[in-house]
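Chemist: Please find the sequence and the predicted model below.
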Amino acid sequence: MLDSATITLVRQSWRSIWRNWRRTLITVSAITMGLTIAVFFVALGQGFYSHIVNTAVRSLGGHITVEHPDYREAPAVDLVLSDIEPLVKHVASIPEVTAYKTLVTGQGVIKSARGTTPGMLMGIDPERETKFSELSQKIVAGTYLEKSDKRKIVIGQKLADQLKLKVGKKLVLASNNVEGELSEQQFRVKGIFSTGSPELDGYLVQIPLAQSQKLFGLKPNQVTQLGIMIDPLSARDRVLEGLEAYVAASGAKETRVLPWEQVQPELASFIKIDRTSNWIMQSILIFLTLFTIWNTVLMSVMERKREFAMMLAIGTP
């Protein structure tokens, strides 16, 4: 129970708050608007970051990527993961893993009758890719790859416009294989996708995994990357540590487990810079809100100097 002195203090405080109700409403409004705007922009920023990260990791290597230790320094098709099946089975047994895919990625040249351009050649398993990536849902012409496809390819809208390609047209992929020799294969466009990203739409092409292994001269059990999706994302670090321990225990020296921040450092840096600028703006907003509150409190005190002086004169503590 509250004693009488506390009750009296609460009553006096409540009366003082509403002594000037306009000023009180202005202060409450400033606090409410400041906090609402701050929370809104923080939530908006977090949603934006989650969206672009989710889109990027699904299109490329996932929340966690397993690859050769030297692949980040100089991506080359001879830096591969061999005998990948035991690792894939272990990944599939992890409860937090919602999807995984094996990839063969390499640089090459894309040729058509209308021109030539460099690009990223990605060999994928169509069944796993449809569960892993949203790219199959971004098809604007034709259809996505299927398991039975061999010499079929899907390309971005920007690349199709650049090389004057349509569904059903032929193109040639050229690259160096693991022996350093020139390798070429002819493909027919099965689908054209549009992600809204100029980099992906103008640079990335996808072909069946088996065809990419033939193009680069790899064996059927060799891939360049294993991509893993995690849900919930808060379990990412725990899964990462578990995979690192598994790789170390298996003695696979030519295997490295990486989070998406190291696989896509440009995206991670962009988010870090944008989040910092967002916090600076929130700090300025909170300072302005506090300044408004301080100003109204100061005015209320200055207006009551005579009252406070009188109370002090009669011995009020």
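Modeler: Perfect, I can see it now.
Chemist: Where does pLDDT dip in this structure?
Modeler: Scanning the chain with the threshold set as pLDDT under 70 gives 1.
Chemist: can you do 90?
Modeler: Low-confidence segments of the chain, defined by pLDDT under 90: 1-107, 112-115, 119-120, 124-138, 146-151, 176-183, 195-204, 218-240, 242-312, 314-317.
Chemist: Let me see the contact set for the residue nearest the centre of the chain.
Modeler: Taking CA atoms, centre = their mean, the centroid of the chain lies closest to Val53, which sits 0.8 Å from it. If a contact means CB atoms under 8 Å, 6 or more residues apart in numbering, then Val53 has Trp260, Leu267, Ile271 as its contacts. C-beta coordinates here come from the backbone N, C-alpha and C atoms, glycine included.
Chemist: How about Gly142?
Modeler: Per CB under 8 Å, 6+ apart, neighbours of Gly142: Val154, Val167, Gly168, Val189, Lys190, Gly191, Ile192.
Chemist: separation between Leu226 and Gln211?
Modeler: 19 Å (CB to CB, to the nearest Å).
Chemist: more crowded one of these two?
Modeler: Neighbour count, other CB atoms under 10 Å: between Leu226 and Gln211, Leu226 has more, with 23 against 20.
Chemist: so that one is in which element?
Modeler: Using DSSP states H and E, Leu226 sits within strand 225-230.
Chemist: Just the C-alphas of that strand, formatted as PDB.
Modeler: The C-alpha trace of strand 225-230 is given here as PDB (Å, rounded to 0.1, in the frame of the first residue of the first chain):
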ATOM      1  CA  GLN A 225      29.800 -25.200 -54.100                       C
ATOM      2  CA  LEU A 226      27.200 -26.600 -51.700                       C
ATOM      3  CA  GLY A 227      24.500 -24.000 -50.800                       C
ATOM      4  CA  ILE A 228      22.400 -24.400 -47.600                       C
ATOM      5  CA  MET A 229      19.300 -22.500 -46.400                       C
ATOM      6  CA  ILE A 230      18.600 -22.200 -42.700                       C
END
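Chemist: Which other helices and strands does that strand contact?
Modeler: helix 21-59, strand 64-67, helix 85-92, strand 97-112, helix 236-250 (3 or more CB pairs under 8 Å, 6 or more residues apart in numbering; DSSP states H and E).
Chemist: Which other helices and strands does the shortest one contact?
Modeler: The one in question is strand 64-67. So strand 64-67, by 3+ CB pairs under 8 Å, 6+ apart, packs with strand 225-230, helix 236-250, strand 256-259, helix 260-263.
Chemist: what angle separates the helix or strand where Met302 lies from helix 21-59?
Modeler: Assigned by DSSP H and E, Met302 falls within helix 265-303. Angle, helix 265-303 to helix 21-59, by axes from the mean of the first three to the mean of the last three CA atoms, to 10 degrees: 170 degrees.
Chemist: any idea how far the residue nearest to the centre of the chain lies from Glu129?
Modeler: Computed with CB to CB, the distance linking Val53 and Glu129 is 19 Å.
Chemist: Check Lys89 too.
Modeler: 19 Å.
Chemist: Look at those two and report which has more neighbours.
Modeler: Taking other CB under 10 Å, Lys89 and Glu129 do not tie; Glu129 has more neighbours (25 against 9).
Chemist: Does that one fall in a helix, a strand, or a coil region?
Modeler: Of the three states, Glu129 takes helix according to DSSP: H, G, I helix; E, B strand; the rest coil.
Chemist: who's in contact with the residue nearest to it when sequence neighbours are not counted?
Modeler: What sits nearest to Glu129 in space, not counting adjacent residues and going by CB to CB, 6 or more residues apart in numbering, is Lys101, at 5.9 Å. By CB under 8 Å, 6+ apart, the contact list for Lys101 reads Gly62, Ile124, Asp125, Arg128, Glu129, Phe132, Ser133, Leu226, Gly227.
Chemist: ok, Lys101 to Arg58 distance?
Modeler: Counting by CB to CB, the gap from Lys101 to Arg58 is 10 Å.
Chemist: how many neighbours does the closest residue to Asp237 other than its chain neighbours have?
Modeler: Excluding its sequence neighbours, the residue lying closest to Asp237 (CB to CB, 6+ apart) is Pro259, at 8.0 Å. Per other CB under 10 Å, the neighbour tally for Pro259 reads 18.
Chemist: most packed of the helices and strands packed on strand 64-67?
Modeler: strand 225-230 (a mean of 24; mean count of other CB atoms under 10 Å).
Chemist: related to what we said a few turns ago, which residues are common contacts for Lys101 and Arg58?
Modeler: Common neighbours of Lys101 and Arg58 (CB under 8 Å, 6+ apart) are Phe132, Ser133.
Chemist: and the residue nearest to Gly62 when sequence neighbours are not counted, what does it touch?
Modeler: What sits nearest to Gly62 in space, not counting adjacent residues and going by CB to CB, 6+ apart, is Gly227, at 3.4 Å. Neighbouring residues of Gly227 by CB under 8 Å, 6+ apart: Val57, Leu60, Gly61, Gly62, Ile64, Thr65, Tyr100, Lys101, Thr102, Leu103, Phe132.
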